[in-house]
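Enquirer: structural data only, the sequence is not supplied:
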């Protein structure tokens, strides 16, 4: 088991958890309890390794966010997951390095992270600054978004072509 009896009682008494799968160290939580659980993990020597999102387009809470934490003192890792929509709490107040992971998730999925300082960095990190949309969402067009122009001479709509010399 990754946590002791007192720690599990603390988590269960706050009704923060949706489910625990002890065999694979997977914890499903409610989004409103994210900061409490991450703070609890940090106090128990867990470190943030990575974060990612999965687009579940047919669900009410469309995105599944997943954080991976590890502790070297207990040689354990934990997968912390929860479902959310386009806005979710940020953990950069607890783990400042999470800003890079949150920027990547925003760039690729369009999920907005809100924190207590309102210092959200919404600059693109993987795609171009003029890129429209979020490419890992399932409703993203396979051919991307192309600018269309109307030609008055031929009375047709075509893709804009820029010639660079």
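Expert: Everything's here; your move. Keep in mind that this is a model prediction, so the values were computed, not measured.
Enquirer: can you give the contact residues for the host helix or strand of residue 81?
Expert: Under the criterion of DSSP states H and E, residue 81 resides in strand 76-84. The contact list for strand 76-84, computed with CB atoms under 8 Å, 6 or more residues apart in numbering, reads 2, 18, 24-31, 34, 37-38, 41, 46, 49, 56, 59, 61-71, 111. Just so you know, the C-beta spots here come from the backbone N, C-alpha and C atoms, and that holds for glycine as well.
Enquirer: show me these that map onto helices.
Expert: Here DSSP state H is the test, and the contacts of strand 76-84 give 34, 37, 38, 41 as lying in helices.
Enquirer: can you pick the most crowded of those residues?
Expert: Counting neighbours by other CB atoms under 10 Å, residue 41 comes out on top of the ones in helices among the contacts of strand 76-84 with 24 neighbours.
Enquirer: quick one: that one from residue 88, how far?
Expert: Residue 41 is 17 Å from residue 88, where distance means CB to CB, to the nearest Å.
Enquirer: next SSE after the strand holding residue 81?
Expert: Counting by DSSP H and E, the element after strand 76-84 in chain order, helix or strand, is strand 87-89.
Enquirer: what's the longest helix in this protein?
Expert: Longest helix in the chain, counting by DSSP H: helix 98-109.
Enquirer: who does the helix or strand just after it pair up with?
Expert: Of the helices and strands lying after helix 98-109 in sequence (DSSP H and E), the nearest is strand 112-114. Sheet pairing for strand 112-114, assigned by DSSP bridges, gives strand 87-89 (parallel).
Enquirer: so for the strand it pairs with, mean pLDDT?
Expert: Mean pLDDT, strand 87-89: 92.
Enquirer: got the buried residues for that strand?
Expert: Of all the residues in strand 87-89, those buried under the rule 16 or more other CB atoms under 10 Å are 88, 89.
Enquirer: so how far is it off the chain centroid?
Expert: 9 Å (CA atoms, centre = their mean, to the nearest Å).
Enquirer: then stretch 65-81?
Expert: Worked out by CA atoms, centre = their mean, stretch 65-81 lies 16 Å from the chain centre.
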